[in-house]
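**Student:** got a predicted model here, sequence first, then my questions.
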Amino acid sequence: VNAAGPVSDPGPIALDELERDAITEIVNIGVSRAASSLRKMIGDHVLLSVPSIDVVSQSRAARLISEREASDLVAVRQDFTGAFSGRALLIFPEENSLALVRAVTGDALSSAEVIDIENEALAETGNVILNSCLATMANMLKRSLTMTIPEVLRGTGTSLFDVPEDGADEGLVLFLYIDFAVRKRDIRGYIAMIMDLPSLATLKELLGEFIALVLGDDGGADRAAS
Amino acid sequence: VTSGTWDWDIATDTLRGDATLAELYGRTPRELAEGVPARVFVEAIHPDDRPRIRIAIAGIRAGAEIFSKEFRIVTPGGATIWVHARGQGHHDANDVPVRFTGLLVDVTERKRTEEWLRVAQTAGGVGTFEYIDGYATAAVSDEFCRLLGLHPAPALPVQTINGVLATGEPPLIPDARGGAPETLDGAFCIVRKDDGQARWIARRGEIRREGAGFRLIGVIYDVTAAKEQEAALRELNETLESRVEQEVANRQTVEEALRQAQKMEAIGQLTGGIAHDFNNLLMAISSSLALLRKRLPDDPQLHKMVDHALEGSARGAALTQRMLAFARRQDLTPVPIDVVALVGGMSELLTRTLGPAWPIDCRFPDHLPLIVADANQLEMAILNLAVNARDAMPEGGSIRIEASDRRLAPGGIEGLAEGHYLQLSVVDSGFGMDAETLSRATEPFFTTKGVGKGTGLGLSMIHGLASQLHGGFSLRSTPGAGTTATLWLPVAQAQIAAPSAPIEASAPGHRPLKILAVDDDFLILMNTAALLEDLGHQVLEANSGAEALALALEHPDIDLLITDQAMPKMTGVELAERMIEARPDLPMVLATGYGEVPASAKTAMVKLGKPFSQDQLAEAVAQALHLKRKSGLPV
């Protein structure tokens, strides 16, 4: 797995390699906590990891996901406000969402029952994952964030990323790939955080502080050498 | 593959490891079995890789569970090796991270191979893919995605990959439902997703059959430049072909025109030659007949028969005149002519010739310039064109004769020099001519009028006349829409019409003369002599220039010389020039069937067209005497 990930949009607020490593690691901590919560919820093996990240424009994120996913998408959405504000999305291809619900609820339920509770189960799972990620970010970056309640959406990349038609005032998207291993099922999904430029600038600053803290004095020397 | 395990106790920051890890880190197995400070783990890492690994470890210490990183380790011996570390964070019941364990694998060889492959792909512009039938996605390389303008991803839906193809192209990842493809060789036109550019992509690869299914492992690369060169080359080839075709067509046209001109020239030569000889025969026939007639007993039956024979020879003479006109050997007398007056003077002739169903509609602008032509021949030409126009309109119809003043630029009309012309057209609204007929219309003996109705010499004669006058003749025709026949006649330099006053024929020879007649053709010579003798003259006969000169010496009292022009060894003109030295005052008549008496002829002579009648001969003799009396001396 290539941790650095592909080169992303060189926007005005591009994250450098270490900053991308840092946010990937922070989200990794978040999803690990979510996995722990899920394990407790369903009493079975759950592993979550975030191997890489891209920072792209909203329209590119929409295109990127529609290139990778042939089917329609299901997403759990939560907005957040605080030191940096934006919208977090946990996205699955439609066929993966039922598999996730089935994995989370166990194989006891019939297909009809799975469909009945799909939205509820997704909202709950998404809430655990997104909450963990955002809370971890707030915690690690020593800021506070408030979150809205989760909402389930269905649609295409374009509709989920709410791409402005004229392309103006596009925000940037932190686009993270997330691998689920739930009850021996492998499910692939995406976490997307849509932020406007000021929020992203704040995030970048906070990531810088976090890196300095982690690397310490000799770490600074390490960083200069890289 | 070398691999070592590690176990990092977070509470005490103690690192333990197996013998392999000890070897990689340059420690004794015992040291690592007992435990070393955890910072050893990081200190062995290449400085460039150290920060991101520290961040990842910080993540583990803060609760992340999965660790999967590649980085370099610098061994105590100074060697750099690539490792892949796969680890896990372990938490206690309160979710507090307590241990960090994992496996460290030496991937230096794989990394080198990957590096080679990556350079091969990026530098060579080659993208790889792997597709197993039945799957909705294909594994792809970053370069593969870049070539298609897609965002790099390790795997892409087949639908996404095939979505880049231009309309109508076969799929890049073949449709598995049809079974394994025959080959992966192919070229595809795509529209790149990121910039919308149309590109050509080549695909090569291998098909591996695995059980009932198959696996495709292939590469793609951009061949747009080659395709464009190919297209440019092909276009060049194609235009080359059409340029060659154009050139060949041009040459064919030129050759065709040349062949046509050569044919006309050959026909002209032939016609002229035949006409000349035929003229002499007619001469013999008609003059003998004329003499015979005088000596015939007074039997109306016999006279009628001789008259018929004379009429036939007269028509034969008219025919040879036309042939000579075509051969441009007609004896023309170009004088300034007012075309409007000329056509006006012909109106009665035209009306009578054409008949009441074909009225003439003349359209002449005011102030037309004079032209230079032979009035009789021009009249003949107009009449001929009018008759043609009539014949093209069997049901009747108006025939338009129009004229205009035209100044031609160089190359304005094919075959015509730059200059000032009068354009004289005869226009009908008859059945017209197709291209084939039009192209042959001015050939002699070509006729559409049916056997016996026309000689086929009309238009060729007009063509010859126009050329001899340094003008031109053109025909425009559309089948079913009529024909326009146009004469281009050079405008006269001096705009003064010559008074159409023919030289008044003196009364035919009142006094008997001593005449020297010269012709290389005995038949003609005898005839001419007979005609002259019949007129009461004394005739000395010579059948060559040399003989004539000898006779002239013998007979200094010769009153007149009448000689044929076309003779071997010495022509009539040459004879006349020699004769003039001895007898500057000797009146001379030059009998000729040809128009071209050399311009250098220094001697004033009366020309007599062959065949001639006895009256014409008498008149020529009278004119010659008159000319000498007037001038007194040779010019």
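**Tutor:** Nice, thanks for sending it over.
**Student:** quick check, residue B:217 in a helix?
**Tutor:** No - counting by DSSP: H, G, I helix; E, B strand; the rest coil, residue B:217 is not part of a helix but strand.
**Student:** is it in a bridge, and if so with what?
**Tutor:** residue B:130, residue B:206 (DSSP bridges).
**Student:** got the contact list for it?
**Tutor:** Contact analysis of residue B:217 by Cβ atoms under 8 Å, 6 or more residues apart in numbering or on different chains lists B:128, B:129, B:130, B:205, B:206, B:208. Bear in mind the C-beta positions are built from the backbone N, C-alpha and C, glycine included.
**Student:** again, only this time at 6 Å
**Tutor:** The contact partners of residue B:217, by Cβ atoms under 6 Å, 6 or more residues apart in numbering or on different chains, come to B:130, B:205, B:206.
**Student:** do residue B:221 as well
**Tutor:** Counting by Cβ under 6 Å, 6+ apart, residue B:221 has contacts B:125, B:126, B:202.
**Student:** what strand or helix carries it?
**Tutor:** strand B:213-222 (DSSP states H and E).
**Student:** returning to that earlier point: what's the closest of the contacts of residue B:217 to chain A?
**Tutor:** residue B:130 (16.7 Å; Cβ to the nearest Cβ).
**Student:** name the SS class of the residue lying closest to residue B:473 once chain neighbours are set aside, please.
**Tutor:** Once flanking residues are discounted, residue B:473 sits nearest to residue B:466: 4.0 Å by Cβ to Cβ, 6 or more residues apart in numbering or on different chains. Using three-state DSSP, the structure places residue B:466 in helix.
**Student:** could you check how far residue B:466 is from residue A:203?
**Tutor:** Distance, residue B:466 to residue A:203, by Cβ to Cβ, to the nearest Å: 98 Å.
**Student:** and if you look at residue B:388?
**Tutor:** For residue B:388, the distance to residue A:203 - Cβ to Cβ - is 100 Å.
**Student:** how about residue A:83?
**Tutor:** With Cβ to Cβ as the criterion, residue A:83 and residue A:203 are 8 Å apart.
**Student:** with residue B:160 instead?
**Tutor:** Residue B:160 is 31 Å from residue A:203, by Cβ to Cβ.
**Student:** so where's chain A shaky on pLDDT?
**Tutor:** When residues are selected by pLDDT under 70, those of chain A lie in A:1-13, A:163-169, A:217-226.
**Student:** can you map out the strands along it?
**Tutor:** Counting by DSSP state E, chain A has strands at residues A:46-49, A:53-57, A:73-82, A:86-93, A:145-147, A:151-155, A:172-182, A:185-195.
**Student:** counting neighbours, what do you get for residue B:196?
**Tutor:** 8 (other Cβ atoms under 10 Å in any protein chain shown).
**Student:** could you identify the helix or strand that succeeds the helix or strand containing residue B:461?
**Tutor:** Assessed by DSSP H and E, residue B:461 sits inside helix B:458-468. Counting by DSSP H and E, the next helix or strand C-terminal to helix B:458-468 is strand B:472-478.
**Student:** please verify my assumption that residue B:275 contacts residue B:319.
**Tutor:** No - here residue B:275 lies out of contact with residue B:319, judged by Cβ atoms under 6 Å, at a distance of 8.2 Å.
**Student:** returning to that earlier point: neighbour count winner among residue B:466 and residue A:203?
**Tutor:** Neighbour count, other Cβ under 10 Å: between residue B:466 and residue A:203, residue B:466 has more, with 27 against 24.
**Student:** residues contacting that one?
**Tutor:** With Cβ under 6 Å, 6+ apart, residue B:466 has these contacts: B:472, B:473, B:487.
**Student:** residues in the stretch 351-500 of chain B within reach of chain A, list them.
**Tutor:** Residues of the stretch 351-500 of chain B found near chain A (Cβ under 6 Å from any Cβ of the partner chain): none.
**Student:** for the stretch 251-400 of chain B, which spans come out with low pLDDT?
**Tutor:** B:325-333.
**Student:** now do the contacts for the residue nearest the centre of chain A.
**Tutor:** Nearest to the geometric centre of chain A sits residue A:191, at 2.4 Å (Cα atoms, centre = their mean). By Cβ under 6 Å, 6+ apart, residue A:191 lies in contact with A:90, A:176, A:178.
**Student:** switch the cut-off to 7 Å
**Tutor:** A:27, A:88, A:90, A:133, A:176, A:178 (Cβ atoms under 7 Å, 6 or more residues apart in numbering or on different chains).
**Student:** grab the nearest non-local neighbour of it.
**Tutor:** With Cβ to Cβ, 6+ apart, the residue lying closest to residue A:191 is residue A:176, at 4.3 Å.
**Student:** same check on residue A:199?
**Tutor:** residue A:84 (3.7 Å).
**Student:** before we move on, what about residue B:416?
**Tutor:** Counting by Cβ to Cβ, 6+ apart, the residue nearest residue B:416 is residue B:472, at 4.7 Å.
**Student:** show the pLDDT at that neighbour.
**Tutor:** Looking at residue B:472, its pLDDT stands at 86.
**Student:** next up, the contacts around it.
**Tutor:** B:413, B:415, B:416, B:466, B:488.
**Student:** which of these lies closest to chain A?
**Tutor:** Nearest to chain A among those, with distances taken as Cβ to the nearest Cβ, is residue B:413, at 65.4 Å.
**Student:** what sits against the residue nearest to residue A:199?
**Tutor:** Here residue A:84 is in contact with A:195, A:199, A:202, A:203 (Cβ under 7 Å, 6+ apart).
**Student:** if I look at the last one, how far off is chain B?
**Tutor:** Right, residue A:203. 15 Å (Cβ to the nearest Cβ, to the nearest Å).
**Student:** now the residue nearest to that residue when sequence neighbours are not counted: phi and psi?
**Tutor:** Take residue A:203 and drop its neighbours on the chain: the residue closest to it by Cβ to Cβ, 6+ apart is residue A:84, 4.9 Å away. The phi/psi pair for residue A:84 (degrees, to the nearest 10) reads phi -130, psi 140.
**Student:** once you drop chain neighbours, what's closest to residue B:547?
**Tutor:** residue B:518 is the one closest to residue B:547 (Cβ to Cβ, 6+ apart), at 7.7 Å.
**Student:** that neighbour touches residue B:563, doesn't it?
**Tutor:** Yes - using Cβ atoms under 7 Å, residue B:518 is in contact with residue B:563, at 4.0 Å.
**Student:** who touches both of the two?
**Tutor:** Common neighbours of residue B:518 and residue B:563 (Cβ under 7 Å, 6+ apart) are B:548, B:575.
**Student:** confirm residue B:386 sits in a helix?
**Tutor:** Yes - Residue B:386: assigned to a helix according to three-state DSSP.
**Student:** these two touch, right, residue B:397 and residue B:359?
**Tutor:** No - in this structure residue B:397 lies outside contact range of residue B:359 using Cβ under 7 Å: 8.6 Å.
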